[in-house]
Structures are given as structure tokens and as C-alpha cells.
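Undergrad: here's a sequence, model it:
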Amino acid sequence: MNNKAAGVQSIREALARRNEEDEDEEEKVTDDDDDEDDDDEPKACGVCGDLAKGYHFNALTCEGCKGFFRRAIKRSTQLRCPFLNKCSITKNNRRSCQACRFRKCQAIGMRKEMVMSEKEVMERRSRIKKKKLRDAPVQLSSQQEETIQELLCGHRSTFDAAFYRFSGFRPMDRNILPGSEPSYASSLSSSSSLSSSSSSSGLCGAFENQESQEQGEQVRKGGVFTALPHLADLTTYMIQDIISFSKSLQDFRSLNMGDQISLLKGATFEIMQVRFNMVFNAERGTWECGHITYCIDDAVRAGFQPLLLEPLFKFHHTLRSLGLQDEEYVLMQAMSLFSPDRPGVQQHAMIDELHENLALTLKIWIDCKRTGPEKHLLYPKMLACLTELRTMNEEYSKQVLQIQDIDPDVIPPLIMEMLTTPLALRFALPVERGTEGCLLTEDGVEFKQLDEGWMGAESGVKEADRGMFGGRGNGAVGGGGGGGGGGGACWLAVEPGLRQHRSAAVREASRAEQS
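TA: Sure thing, here's the model as predicted:
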């Protein structure tokens, strides 16, 4: 009988030891309050003498004694030594007396208050799991890959980096009267070393001194800015390509017509600047558009002011310094296009989801494709550049209106339609069907749809090149060149009477606001 009882007791002890070993293995996965010793020299556990891996609960112990101490605290049972409370604890006999083993744990400094509760352990395991997921290498999904390829295809088919298709434009007069001082470009370049402390004051000072004022007068001849006709044609050309790019995107075509127009009106200037940045030479401070090289002086000759030119020049230097790849450039364009907070947007939730997906795609792309420590700052820097573009967008619209007030016959109607300031919306004139012009309706929200409509006609009768724009002749939308023509869904030149009417209205509003 005694032998049988002893056999049962030995079986129970063996099972208990196995359970303890299993628990020890599990606890190795989610250690808490561990301080691993980086020293390569082997150290002995202060309780049993086994190999110690680090400090646990404030003492240098092995994994087995660490787990034993945790279980003893959680069970809260009274441990008793069957002998004289003087058992020697070693690696081989440490399971023989739990009471003496626990007493030795306390003697070497293990603290029960450092043992986590079950809730704390679960929270820790959850944090570890999230960290593993966060640190795991991310991959672009097949849908995200398709999105990038669609954007690249649309961009490459609508952005002519060599500007071969930009032809028939009005020439630009870069002549400056004799006696003029060094150009604005030199002032901008010297101040665009992009030190935040000097760039602003240096550039504004260059514009504000007397010599610059004299030069500003010289670039105007008879009230007309010498570079304005050419840059207006260049802007029109870029806007046409941006509209074609937008139309190439399935997500954009799925939106209602009003939202398509609202998104384009809000994003055209921003997308244009992102595209111009792809041909920006930061060392020279010039935009190399094929066989024509533009500098900041050309914008001055077109009538633009330092309130826009200074941050614009700095923006191009900043964005170019990031060394973006084509994929990152096109994702920036798409994020700008699908901005749910544009005026007049109705499908906010849908556009917001598109914007979030694009932002996530850009973030994952950078994580997957970029290397080096600087990649962690690239995404926030790109977002900061988009924010800066939003700030400049409204100032651009204001300055175009001011220039149009001075030279009302130069700026094409397409550029005026894309302006987003309240002043531009307030004085946009409605046109009847068939009128030679295409302006905003009275509420300043929708474009007039001529014949089958704009953007390739929702009915699908006219697509792509027979949509809103019929051609690019002489830089005028819907002109006689490039397959364009009168009528159809083309935009025609605004009648002089309408232009003069609107110009007078803008002047009147400007005076009212100033007073």
C-alpha cells in the first residue's frame, strides 16, 4: 500500500514538473520585467546555480527560477518545507522543495510587486503582437500595384517631359530695356539656398528695392506683360494634359460631373507645379521644358508678384531635393486631385476614401522601395509639400485675376475657369448654349456643357480627344490646330464684350474690397 502511494506521488511530481517546464517555455515568449545581460560572460542563477539569462524581478536568475517565482506569487499558496527549512537548492534538486526555493528567491532580491497581473500580461502580449505586425516588412497589395500602374500610364501618356507637343504658341518677349539691373532670378537663387532665416527677407528685399521696381516697370510695354501671352499658352497646354490625365483614371470617371469639375478646379495648379518640378533644375533655378528653359524672371515678366514667387521657388527647391521617383510624383498628383475638401464637392465620403487609399499606397511604397534612414522622413516631407501647394493655390488665383484686370485680352478662358478664389466665382459670367465662350454658371459651380458635354461626354458618344478640348492650336483651347475645331465640345475664345464686362466687374470688386 505504501509502495502504491509512493508511486502515485512520484507520478504527480513528474506531471507537476512537466507542467512547470511547459509554463517556463511559454513564459520565454512573453517575458515581463526582464533585463537581458549583454555581457557574453556566462553567469550563474542566484537561486539554483543554472545559467542565468538576465535580471528578472530585480535579481539575476535563470528562466526556470523566474517562472517559478511568478507562479508562486500568482498562486498565493502557503509553501511548507517537509524538512528543516534548510534545503540546498541546486539545478538538479530545485523542484524538490518549493518553500526553500521561494525563500531563496526572496533572499537574493526578487520582488513580488514586479510580477505582472494577468491583465497586464495580456496587454503586454498585445503590444508585442502589434509591434511585430508593425515591424514586419510590408508589401504592396495587388490593388495598390494596379493603382500605381494606372497612374504611371496616365501620367506618361499626358506628360510630355520634352515638351515636343507644345507648339504653335505665342512667342515670349524677354527683352529688357537698357540699363536694367541683374535679374530677379539671381536674387531668388541667392536667397534660395533655402536657409529659413534668410530666404524670406532676401527675396522680399530684392523685390522691394528701387532697382527692382524700375525693372518691374520695364517688363510692361503699353500695359501688357511681355511674357504673359507665352506663359498663358504654356499654362493652357499643361491644363489640357492634366484634364486628360484625370480622365484616364477610372476612379475619377466614376464620380459625378459636378465633383469632377470641382476636383479639377481645385487641383490643377497643384498638379501643374508637381509636373513642373520634374523638369526643375535646382542648381540653376530653371525649368528645362524641352528646347525652352524658363526662369523666375519669366514669371515676373508675366506680372506675378513675390508673395507667390518666393514660396513657389522655395517649394520647387524643397521638393526637388527629395529625389522623388516617378511613382511618388504620380501619387502626389493623385492625392492632390482626390482632395475631399475642395469647394463644391458632394461625394465627400467616396473621395475621402480614395484619398486615404492613395496616401496609404504612397506610405507603403516608400517603406518597400526606399532604403536608408532618410526614408522615414520622406512621407511627412511630401505631405508638407502638398500643404504648401494648397497655401499657394489661392494666392495664384488672386494674382491671375489682378493680371487679367490689367491685360484682359491675353489670358485664355480655360485658365480663368480654373481659378478658385471667391472673387473669381462671384464674377464668372453665365453663357447660353451656343455662345462663343464657356464660363461658369451663375452659381459658380458647374461648367456649361456644349453639345455632347465636356470631358468626353457622359453618354460616351465622345471620348478623350473629342471631349472638352478639341485641339491645341496656337495655345488656344479648341483652336484650329492639333485636330481641334470649332463647335462640338470644344471651348472657344470668350467674346471681347464678355471679357470686358468681367474685367470691369473684377476691378469694381477689387476697389470695393480695398475700401
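Undergrad: can you pull out the strands in the stretch 151-300 of the chain?
TA: Using DSSP state E, counting those that start in this stretch, the strands of the stretch 151-300 of the chain run over 220-221, 224-225, 280-281, 286-289, 292-294.
Undergrad: likewise the chain?
TA: Applying DSSP state E to the chain gives strands spanning 34-36, 43-44, 51-52, 54-56, 59-61, 220-221, 224-225, 280-281, 286-289, 292-294.
Undergrad: each with direction, which strands does the fourth one pair with?
TA: Pointing back at strand 54-56 there. strand 34-36 (antiparallel), strand 59-61 (antiparallel) (DSSP bridges).
Undergrad: likewise the second one?
TA: Using DSSP bridges, the strands paired with strand 43-44 are strand 51-52 (antiparallel).
Undergrad: contacts for the strand it pairs with?
TA: 37, 42, 43, 44, 45, 46, 60, 61, 62 (C-beta atoms under 8 Å, 6 or more residues apart in numbering). For the C-beta atoms, the positions are set from N, CA and C on the backbone; glycine is no exception.
Undergrad: lowest-confidence stretch among the strands paired with strand 54-56?
TA: If you rank those by mean pLDDT, strand 34-36 sits at the bottom with a mean of 56.
Undergrad: residue 241 and residue 161 touch, don't they?
TA: No. Judged on C-beta atoms under 8 Å, residue 241 makes no contact with residue 161 at a distance of 11.1 Å.
Undergrad: give me the low-pLDDT residue ranges for this structure?
TA: 1-40, 136, 175-224, 420-515 (pLDDT under 70).
Undergrad: longest helix in it, by number of residues?
TA: Assignment by DSSP state H gives helix 375-406 as the longest helix of the chain.
Undergrad: show me which residues of it are buried.
TA: By neighbour count with 16 or more other C-beta atoms under 10 Å, helix 375-406 contains the buried residues 378-379, 382, 385-386, 388-389, 392-393, 395-405.
Undergrad: returning to what we had before: who wins for neighbours among the contacts of strand 51-52?
TA: Within the contacts of strand 51-52, residue 61 tops the neighbour count with 28 neighbours, counted by other C-beta atoms under 10 Å.
Undergrad: going along the chain, name the helices of the stretch 151-300 of the chain.
TA: 184-191, 199-208, 210-218, 228-247, 250-253, 257-277, 296-301 (DSSP state H, counting those that start in this stretch).
Undergrad: equivalent analysis for the stretch 1-150 of the chain, please.
TA: 2-29, 63-75, 98-107, 118-135, 142-158.
Undergrad: got a markdown table for the strands of the stretch 151-300 of the chain, with mean neighbour count and distance to residue 258 too?
TA: Putting the strands of the stretch 151-300 of the chain into a markdown table (neighbours: other C-beta atoms under 10 Å; distance: least, C-beta to C-beta, whole Å) gives the following:
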| stretch | mean neighbour count | distance to residue 258 |
| --- | --- | --- |
| strand 220-221 | 13 | 39 |
| strand 224-225 | 19 | 34 |
| strand 280-281 | 16 | 34 |
| strand 286-289 | 18 | 33 |
| strand 292-294 | 16 | 35 |
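Undergrad: for residue 97, find the nearest of the ones you listed.
TA: strand 280-281 (78.4 Å; C-beta to C-beta).
Undergrad: elements contacting the closest one?
TA: If you count contacts as 3 or more C-beta pairs under 8 Å, 6 or more residues apart in numbering; DSSP states H and E, strand 280-281 packs onto strand 286-289.
Undergrad: what sits up against the strand it packs on?
TA: 163, 166, 185, 234, 276, 279, 280, 281, 293, 294, 295.
Undergrad: mind redoing it with 6 Å?
TA: 163, 276, 279, 280, 281, 293, 294, 295 (C-beta atoms under 6 Å, 6 or more residues apart in numbering).
Undergrad: so how far is residue 226 from the last one?
TA: Okay, so that is residue 295. 14 Å (C-beta to C-beta, to the nearest Å).
Undergrad: got it, and residue 417?
TA: From residue 417 to residue 226 the distance is 25 Å (C-beta to C-beta).
Undergrad: next: residue 371.
TA: Residue 371 is 47 Å from residue 226, by C-beta to C-beta.
Undergrad: neighbour count: these two, which is higher?
TA: residue 226 (19 against 6).
Undergrad: count the residues that sit near residue 304.
TA: 23.
Undergrad: and it, what is it in contact with?
TA: residue 399.
Undergrad: please redo it, this time with the cut-off set to 8 Å
TA: By C-beta under 8 Å, 6+ apart, the residues touching residue 304 are 399, 403.
Undergrad: can you give me phi and psi for it?
TA: phi -80, psi 150 (degrees, to the nearest 10).
Undergrad: please shift the residue numbers so they start at 52 in all later answers.
TA: Got it, the first residue is 52 from now on, which makes the last one we talked about residue 355.
Undergrad: any idea how far residue 109 is from it?
TA: 69 Å.
Undergrad: equivalent analysis for residue 371, please.
TA: In terms of C-beta to C-beta, residue 371 sits 55 Å off from residue 109.
Undergrad: equivalent analysis for residue 141, please.
TA: 22 Å.
Undergrad: just residue 314 next, same as before
TA: Per C-beta to C-beta, residue 314 is found 61 Å from residue 109.
Undergrad: those two - which one has more neighbours?
TA: When residue 314 is set against residue 109 and neighbours are counted by other C-beta under 10 Å, the residue ahead is residue 314, at 23 against 14.
Undergrad: surely that one is in contact with residue 402?
TA: Yes. Using C-beta under 8 Å, residue 314 makes contact with residue 402 at a distance of 7.3 Å.
Undergrad: contacting residues for the residue lying closest to residue 208 once chain neighbours are set aside?
TA: The shortest distance from residue 208 to any residue other than its chain neighbours is 6.8 Å, reached at residue 299 (C-beta to C-beta, 6 or more residues apart in numbering). Neighbour list for residue 299: 201, 204, 205, 208, 209 [criterion: C-beta under 8 Å, 6+ apart].
Undergrad: who wins on neighbours among those?
TA: residue 205 leads those on contacts (other C-beta under 10 Å) with 21 neighbours.
Undergrad: in PDB, could you pull the C-alpha coordinates for stretch 297-307?
TA: Extracted C-alpha coordinates of stretch 297-307, given in PDB (Å, rounded to 0.1, in the frame of the first residue of the first chain):
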ATOM      1  CA  SER A 297      -7.600  62.900 -64.700                       C
ATOM      2  CA  LYS A 298      -9.900  61.500 -67.400                       C
ATOM      3  CA  SER A 299      -7.600  58.500 -67.700                       C
ATOM      4  CA  LEU A 300      -8.300  57.400 -64.100                       C
ATOM      5  CA  GLN A 301     -11.200  55.100 -63.500                       C
ATOM      6  CA  ASP A 302     -11.900  56.400 -60.100                       C
ATOM      7  CA  PHE A 303     -12.200  59.900 -61.400                       C
ATOM      8  CA  ARG A 304     -14.500  58.900 -64.200                       C
ATOM      9  CA  SER A 305     -16.800  57.200 -61.700                       C
ATOM     10  CA  LEU A 306     -17.500  60.500 -59.900                       C
ATOM     11  CA  ASN A 307     -20.400  62.700 -60.900                       C
END
